[in-house]
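Peer 1: this one's sequence-less:
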């Protein structure tokens with residue numbers, strides 16, 4: 001189509017110049033997310049076309065697909081390829097309804113404008129990807145720095161805890177030797193067992209800080225779960241939460257470090273209690289599947305939103321208030337399971353809640 005009057009030509013050139021100017025401004029704002037930028041670009045492209053009321057703009061590049069409105073299957077369009085790193089990565093199209101317009105209704109200058117915009121979109125996406133990679137690298141470096149600091153702190157804390165734990169254990173054993181009351185004897189035995197377990201945790205922290213190897217042995221799963229549930233009994237009682245444990249075989253074994261797997265169960269169970277409503281049930285299911293032992297912890301809590309499921313195992317990521325968590329629990333769980341050549345899977349529990357399933361090699 002050709003414009004006949006000088007006034008019409010001037011109006012269209014002004015619209016095109018405004019479009020390029022606005023798109024340049026949008027692209028220069030690097031703090032915006034790519035999807036929002038492409039939406040704004042599409043909106044300004046629409047305004048620049050001769051029959052803007054009927055125009056529908058479509059941008060399809062990489063994982064992004066933007067349209068200014070729903071596209072009817074019967075359209076005619078102008079199109080231009082979007083290049084990224086000298087490769088075709090997508091396209092930008094301007095559609096008109098076929099029952100009202102023909103190819104002749106598009107202007108030659110509009111095609112030139114579309115080619116320019118496609119080139120600018122390609123430059124923007126390439127720049128956006130570079131900034132994302134830089135941000136990811138920066139976060140990785142920051143995480144490594146924090147983990148290095150955590151390792152140093154862990155070593156210091158482990159050494160500091162050893163002395164008071166030794167004193168508690170020594171005096172508890174002394175009381176046990178001189179005690180004749182059976183009730184006190186039972187309580188002292190609980191104290192001694194807890195201190196011994198705590199010292200094992202401290203030892204593992206020291207191993208972690210200097211990367212010493214695990215002590216993997218073929219062991220039964222049931223006694224470890226029984227101990228973890230017994231140790232956390234008061235946590236369940238505070239919210240009147242019941243536990244239900246089921247085994248497909250009570251003699252299921254796996255090649256594990258029992259102290260580390262106990263630590264995994266502690267973290268998952270404490271999280272389950274935190275997320276669960278009062279008087280609900282937390283189920284623990286243990287099964288054997290081919291060459292794997294499966295431990296599932298199933299709660300009836302609020303669940304985990306899809307948009308953060310990929311982040312929950314990241315160090316220092318937490319949805320809890322600062323007073324309730326530091327974001328290391330699930331990171332430690334993931335690290336321990338991975339070091340066991342295992343796998344941890346997160347699923348939704350219907351109608352509400354979360355299922356954490358740990359898969360551990362039997363041998």
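Peer 2: Nice, thanks for sending it over. Owing to the predicted nature of the structure, the values given are computational and were not obtained by experimental measurement. Numbers count the residues shown, from 1 in each chain.
Peer 1: average pLDDT across the host helix or strand of residue 229?
Peer 2: Assigned by DSSP states H and E, residue 229 belongs to helix 222-231. Mean pLDDT, computed over helix 222-231, is 91.
Peer 1: Check which helices and strands the helix ranked longest in the chain sits against.
Peer 2: Looking across the chain with DSSP state H, the single longest helix is helix 108-177. Applying 3 or more CB pairs under 8 Å, 6 or more residues apart in numbering; DSSP states H and E, one finds that helix 108-177 contacts helix 6-28, helix 34-48, strand 56-61, strand 75-84, strand 87-97, helix 182-209. Where C-beta positions appear, they are placed from N, C-alpha and C, glycine not excepted.
Peer 1: Run the angle between the longest one and helix 108-177 for me.
Peer 2: Angular relation of helix 182-209 and helix 108-177 on a 0 to 180 degree scale: 140 degrees, by axes from the mean of the first three to the mean of the last three CA atoms, to 10 degrees.
Peer 1: Remind me what whichever helix or strand comes after the helix holding residue 229 packs against, helices and strands.
Peer 2: Using DSSP H and E, the next helix or strand after helix 222-231 towards the C-terminus is helix 233-238. If contacts are counted by 3+ CB pairs under 8 Å, 6+ apart, helix 233-238 sits against helix 258-275.
Peer 1: if we go to 10 Å?
Peer 2: Packing partners of helix 233-238 (3 or more CB pairs under 10 Å, 6 or more residues apart in numbering; DSSP states H and E): strand 242-247, helix 258-275.
Peer 1: Outside of stretch 246-253 itself, list whatever touches it.
Peer 2: The contact list for stretch 246-253, computed with CB atoms under 10 Å, 6 or more residues apart in numbering, reads 217-222, 225, 283-289, 293-296, 360, 362-363.
Peer 1: So which of the residues you listed belong to strands?
Peer 2: 217-220, 283-289, 293-296, 360 (DSSP state E).
Peer 1: Buried only: go through the residues you listed for me.
Peer 2: 220, 283, 284, 285, 286, 288, 293, 294, 295, 296, 360 (16 or more other CB atoms under 10 Å).
Peer 1: how near is the third one to residue 310?
Peer 2: Note on residue 284: its distance to residue 310, by CB to CB, to the nearest Å, is 25 Å.
Peer 1: re the thing from before, for the ones in strands among the contacts of stretch 246-253, name the two members farthest from one another.
Peer 2: 217 and 283 (27.3 Å; CB to CB).
Peer 1: Report the contact partners of the closest residue in space to residue 62 that isn't next to it in sequence.
Peer 2: Once flanking residues are discounted, residue 62 sits nearest to residue 89: 5.9 Å by CB to CB, 6 or more residues apart in numbering. Going by CB under 10 Å, 6+ apart, residue 89 touches 60, 61, 62, 81, 82, 83, 118, 121, 122, 125, 126.
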